[in-house]
Each structure stands twice: as C-alpha cells, then as structure tokens.
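Q: This is a predicted model, with the sequence first.
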Amino acid sequence: MKKVRTKARKLEPDEILPEYDFRRMKGGVRGKYYQAYRAGHTVMVREADGTNRVQHFKVEDGAVILERDVREYFPDAESVNSALRCLIPLIRKRQKGEKKEPAASNRP
C-alpha cells in the first residue's frame with residue numbers, strides 16, 4: 001500500500017500552525033508582562049566555552065513599542081520618524097489655531 005502525501009499548506013509569514021492558535025485558550029491576558037518588560041529584564045547567555053554571562057536589558061526612555069497592525073505599515077524606525085515628521089507641521093498649525101479666541105458675534 002502506498003502512502004498518500006498531502007500537500008502542506010504554505011503559511012503566511014505572520015501565521016502560525018492551527019495547533020498553536022491560542023485565541024481560544026482560557027486565562028490568557030494580553031499585555032500581562034508589559035510593565036515588567038518595560039522595567040527591564042535579565043537574560044543569561046551560555047557561551048560556547050560553557051561559561052554563563054548575565055545581561056540586563058532595559059527599554060530606553062522614549063522608546064515606543066508598536067502594535068502589530070501598526071508595524072505592518074511602519075516596519076522600522078526610519079518609516080515611523082518619516083511619518084511623524086509629516087504630522088509635526090499639522091500639529092503646529094492646529095496648536096496655533098487653538099490659541100486664537102473665537103471672534104465674538106456682533107449679533108444682538
């Protein structure tokens with residue numbers, strides 16, 4: 001009897017296998033470790049010579065973590081900064097417009 005092979009479906013780059021789909025998993029909390037990650041984390045690195053090296057990582061002040069849907073459009077710092085620079089003139093115009101007091105109506 002010959003074994004019948006089924007073609008494996010090609011996954012998209014951001015897709016996971018169905019058996020790893022945790023959306024229906026109970027008890028999961030999105031962002032559970034967000035604050036702890038921002039505070040910093042320690043990683044132990046095992047070197048090729050068998051020694052261990054401990055490294056502490058901390059997110060720098062001013063660093064921004066982008067949500068996945070935003071990263072699709074802005075994959076790197078250059079694209080984010082470019083987009084934000086386009087918004088700066090609009091923000092300045094709006095701020096200048098808000099400082100002006102609305103003209104008083106001359107109607108009785």
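A: Yep, that arrived.

Q: what about the helices in this structure?
A: For the chain, the helices defined by DSSP state H cover 34-39, 68-71, 77-99.

Q: what about those, which gets the closest to Glu19?
A: Each of the helices of the chain was scored for nearness to Glu19 using CB to CB, and the closest is helix 68-71 (20.9 Å). Heads up, the C-betas are built off the backbone N, CA and C, glycines and all.

Q: and that closest one, average pLDDT?
A: Mean pLDDT, helix 68-71: 90.

Q: Give the buried residues for that helix.
A: By 16 or more other CB atoms under 10 Å, helix 68-71 has no buried positions at all.

Q: hmm, who's touching that helix?
A: By CB atoms under 8 Å, 6 or more residues apart in numbering, the residues outside helix 68-71 that reach it are Asp14.

Q: ok so, going back, how about the helices of the chain in a markdown table, adding distance to Pro18?
A: What follows is the helices of the chain, written out as a markdown table (distance: least, CB to CB, whole Å):
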| stretch | distance to Pro18 |
| --- | --- |
| helix 34-39 | 27 |
| helix 68-71 | 19 |
| helix 77-99 | 32 |
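
Q: ok, of those helices, where does mean pLDDT dip lowest?
A: Looking across these, the weakest by mean pLDDT turns out to be helix 34-39, at a mean of 82.

Q: Show residues contacting that helix.
A: Here helix 34-39 has contacts from Lys58, Val59, Ile65, using CB under 8 Å, 6+ apart.

Q: Spit out the contact partners of the residue most central in space within the chain.
A: Residue closest to the average C-alpha location in the chain (CA atoms, centre = their mean): Leu66, at 2.4 Å. Neighbouring residues of Leu66 by CB under 8 Å, 6+ apart: Phe74, Val80.
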